[in-house]
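Q: I need the structure of the sequence given here:
(chains A and B)
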There are 2 protein chains.
Amino acid sequence: MGKTDTGDSTRMAGLAKRNRRTFIGEAAGGVIATLAASKAAAETLADVPPRMMGAPVSGRSERSSFAELSRIPESTAGKRNVAAADAINSKTPLQSLVGTITPSDLHYERSHAGVPDLDPAKHRLLIHGMAARPTVLRVADLRAMPSFSRIMFLECSGNGWENWKAADPSLTVQNMYGMLSTHEWTGVPLRALLDMVGRTADARWMLAEGGDGSGMARSIPLTDEILDESMVAYAQNGESLRPAHGFPLRLLVPGFEGNMSVKWLRRLKLGDQPFMTRWETARYTGLMPDGRARQFHLRQDVNSVITNPSGMMHIEPGYHRVSGIAWSGHGKIEKVEFSADGGLTWRRAQLNAPVLAKAQTRFEVDWEWDGSPAKILSRSTDEKGNIQPDRKTLVGELGTNAVFHYNAQQTWAVDRQGRVTNVLA
Amino acid sequence: MGKTDTGDSTRMAGLAKRNRRTFIGEAAGGVIATLAASKAAAETLADVPPRMMGAPVSGRSERSSFAELSRIPESTAGKRNVAAADAINSKTPLQSLVGTITPSDLHYERSHAGVPDLDPAKHRLLIHGMAARPTVLRVADLRAMPSFSRIMFLECSGNGWENWKAADPSLTVQNMYGMLSTHEWTGVPLRALLDMVGRTADARWMLAEGGDGSGMARSIPLTDEILDESMVAYAQNGESLRPAHGFPLRLLVPGFEGNMSVKWLRRLKLGDQPFMTRWETARYTGLMPDGRARQFHLRQDVNSVITNPSGMMHIEPGYHRVSGIAWSGHGKIEKVEFSADGGLTWRRAQLNAPVLAKAQTRFEVDWEWDGSPAKILSRSTDEKGNIQPDRKTLVGELGTNAVFHYNAQQTWAVDRQGRVTNVLA
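A: So this is what the prediction gives:
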């Protein structure tokens, strides 16, 4: 267990104290230097803008006109600025976010036949196959059942694929890692539903099928871990799912590739072997160096990325509080290390408490940039001992034909002008 | 420590298993009976609506047209359906929410001179008074400093005041408890900022002043707890604060009455005694039975409320999964108990993991309603041993002249017709 993995007040106090020490330690060369650019040593309100009358209170709190935020819709080939009708995904602006929770309307989106807005009164979930009591459930039936909530990440298995072969220096962290988000999800435990329909003892696989036009359907292995942790969800961050995220029902399989968490869920079919849908034969397989395809490589491995500074940003010499996120489909993040010399030397970053299993973990670390060319990167380790590989190790294992499950350490180069760009290593 | 206070996968597995046992135990009389109303025993997709093509992906995920949500703006006297210009607060729709995180645009709102949309490039924070190095900070200065994030509740000290004297049976849980929300907040540790300006040893109080038109200003006692846990925040649920919640800066004092977490923060002034602003003399005091006013009763005490079923709902006889929230400004929730007979007998509810200090905790409990009149209520206990009082005990202590800090157990009466209404006890 890490030192920052509980959420109680003692721990928060510890965090505040550690931050204080670090902060004070860096203050002379860092923050205070920054402050010199503003008016220091003031003793009156003369430099603070006057009070301001406001708009009326409202039914919903919209964003400031000074702080608009949105995702980037992209087409299949990763083309940006495409017409909405040509887009297949929409990526979370990680470079603009802090903490770990993703705002409700900015969770990443990926669909294969657009976004249906299903009528919850008409929607049904069929559970059948190797079951004693096949059943059709209404959304209201599920909402009346015992539920649980969990803060967890979802990640598209294609997240980060851009660097398999070459590094495009124009890419931002949003372009490369924006298919990753964290919400609190609420729903009915999968195991309870399968017990209810009388799953037979040899039903070790489950087909999950969506009600969108694409017929997205995936085979889910019914391991104890998946049975214990999965849910049929109806809510995100406290409210009903939004259409882009599966309204009114979706499956959630924590720690595994995002498309297994099938949206617009209409069917769960139990079987004793995988169903071999086109999604797991023609797609979502890993092409290996020898030309054969690896199937059912489902777990999202240990990963991390520095979000600030990151691709296409510009920084000044001096003190920087580097910030990023780490996550692992295996469990909790144990530690994150930071290197400013391309991976030659490393030091440990601070993790924000509480560190939750299979959720994004925010890390921060102090860095004094001297103005000479640098390569900054992070490396995460999870509680199961998995260490995020460097690119060479990952490519040595999986080759460069693969599209999915890229989790190599992400290097950002900083040149003498302070320009931050994506590089391979 | 409660049994459900960690967030690891083992615990989630335990939760799923407990839910399963409870669920199965109740299934015969409860959920399965509900299911009889739907089509059971289906084995094909005949009863499931056909697949549906969707709208294009987007930059932001809007709500379903079937699941619109908003707060209720109210005037000073608690009048509903007032014109926006007459409203002073806007309450979170707790009856429609599950889990613990409040959607980013539905966090409750309370302002004293409307909602300014301040320009972050021009905004400044002055820290002065009993300090060696009085300082003016830009928003960018704060964003460059070490930060931390915390999931915590905020609650207006007036939350629940409607029941001090009499019970209006037309009130919903949103009307009565909607000045309560939970977000993940991110900002700079207060202690680090006060160390930076060189707080003198006898500066045990701090004035926090907002930049809105009302000049909201509160005296904050600088206890170790408050120094360790407070922050000057710039983000909510990962993104910049929204104007209604203090953009670009606000103070956050976890566990204490909401208006101490001053929004549109422009000044922190250090002193050796409270500043006696009109907000803590004319307002936000507790009028006692003898006519004197209690000042600086600042902590939000242990509390809980059943959100489903709740006021103005209608229920049918049979199985119900009762759901609600518990919270305490003292720390973690230790347990929540449920009574269906007006407080004569109690049994323990399940708490959702992880239970975080000074954050909302979701509870659930099974209840079989036999159709006869009932009074349902919840009672929470926190890790410090504080027990939520019944109304008689609270009124015995504080009288009925008080307006703030009402935390009595909330009773919902259910009549033979299944109508759920607010009653005193």
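
Q: CA only for contacts and neighbour counts going forward, please
A: OK.

Q: low-confidence ranges, chain A, go.
A: A:1-43, A:76-78, A:81 (pLDDT under 70).

Q: can you pull out the helices in it?
A: A:9-27, A:31-35, A:139-143, A:173-177, A:190-196, A:224-229, A:391-398 (DSSP state H).

Q: and the gap between residue A:415 and chain B?
A: Noted for residue A:415: a distance of 21 Å to chain B, by C-alpha to the nearest C-alpha, to the nearest Å.

Q: count of neighbours near the nearest residue to that residue once chain neighbours are set aside?
A: Using C-alpha to C-alpha, 6 or more residues apart in numbering or on different chains and skipping residues adjacent in sequence, the residue nearest residue A:415 is residue A:373, 4.6 Å away. A count of nearby residues for residue A:373, using other C-alpha atoms under 10 Å in any protein chain shown, gives 15.

Q: likewise for the one 10 residues further on?
A: The burial metric for residue A:383, expressed as a neighbour count using other C-alpha under 10 Å, is 17.

Q: and what of residue A:51?
A: The number of residues near residue A:51, taken as other C-alpha under 10 Å, comes to 16.

Q: who are the contact partners of the residue lying closest to it once chain neighbours are set aside?
A: Spatial nearest neighbour of residue A:51, chain neighbours left out: residue B:211 (4.7 Å); criterion: C-alpha to C-alpha, 6+ apart. Residues in contact with residue B:211 (C-alpha atoms under 8 Å, 6 or more residues apart in numbering or on different chains) are A:49-52, B:263-266.

Q: residues of the stretch 151-300 of chain A that sit close to chain B?
A: Taking C-alpha under 8 Å from any C-alpha of the partner chain as the contact definition, the stretch 151-300 of chain A meets chain B at A:184-186, A:189, A:191-192, A:196, A:211-215, A:225, A:228-229, A:235, A:237-244, A:247, A:266.

Q: cool, and the stretch 301-425 of chain A?
A: Near chain B, when you scan the stretch 301-425 of chain A using C-alpha under 8 Å from any C-alpha, you find A:320-321, A:331-332, A:352-353, A:356-357, A:364.

Q: mind running it again at 10 Å?
A: Residues of the stretch 301-425 of chain A lying near chain B by C-alpha under 10 Å from any C-alpha of the partner chain: A:319-323, A:330-332, A:350-358, A:362-366.

Q: report the separation between the spatially most central residue of chain A and residue A:102.
A: In chain A, the residue lying closest to the centroid (C-alpha atoms, centre = their mean) is residue A:180, at 2.6 Å. Residue A:180 sits 9 Å away from residue A:102, going by C-alpha to C-alpha, to the nearest Å.

Q: residue A:267 now?
A: 28 Å.

Q: more neighbours: the two, which one.
A: Using other C-alpha under 10 Å, the more surrounded residue of residue A:267 and residue A:102 is residue A:102, with 28 against 24.

Q: next up, the contacts around the more buried one.
A: A:92-94, A:108, A:153, A:180-184, A:237, A:360, B:104, B:184, B:236-239 (C-alpha atoms under 10 Å, 6 or more residues apart in numbering or on different chains).

Q: the residue lying closest to it once chain neighbours are set aside bridge partners, please.
A: Using C-alpha to C-alpha, 6+ apart and skipping the chain neighbours, the partner closest in space to residue A:102 is residue A:182 (5.3 Å). Residue A:182 has these beta-bridge partners by DSSP bridges: residue A:153.

Q: can I assume residue A:182 is in contact with residue A:237?
A: Yes. Between residue A:182 and residue A:237 there is a contact at 9.4 Å, judged by C-alpha atoms under 10 Å.

Q: joint contacts of those two?
A: With C-alpha under 10 Å, 6+ apart as the test, residue A:182 and residue A:237 both reach A:101-104, A:151.

Q: how near is residue A:303 to chain B?
A: Distance from residue A:303 to chain B, by C-alpha to the nearest C-alpha: 18 Å.

Q: now do residue A:296
A: Residue A:296 is 22 Å from chain B, by C-alpha to the nearest C-alpha.

Q: neighbours of that residue, how many?
A: 16.

Q: wait, it sits on residue A:205?
A: No. Counting by C-alpha under 10 Å, residue A:296 does not reach residue A:205; the two are 12.0 Å apart.

Q: mutual contacts of these two, please.
A: What both residue A:296 and residue A:205 touch, as defined by C-alpha under 10 Å, 6+ apart, is the set A:219-221, A:274.

Q: dump the residues you listed into TSV; add distance to residue B:168 and neighbour count as well.
A: Shown next, in TSV, are the shared contacts of residue A:296 and residue A:205 (distance: C-alpha to C-alpha, whole Å; neighbours: other C-alpha atoms under 10 Å in any protein chain shown):
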residue	distance to residue B:168	neighbour count
A:219	53	23
A:220	51	26
A:221	53	20
A:274	57	17
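
Q: chain B: which of those residues is nearest?
A: residue A:221 (16.6 Å; C-alpha to the nearest C-alpha).

Q: so who does that closest one touch?
A: A:203-207, A:227, A:271-274, A:296, A:298.

Q: again, only this time at 8 Å
A: Contacts of residue A:221 by C-alpha under 8 Å, 6+ apart are A:204-206, A:274.
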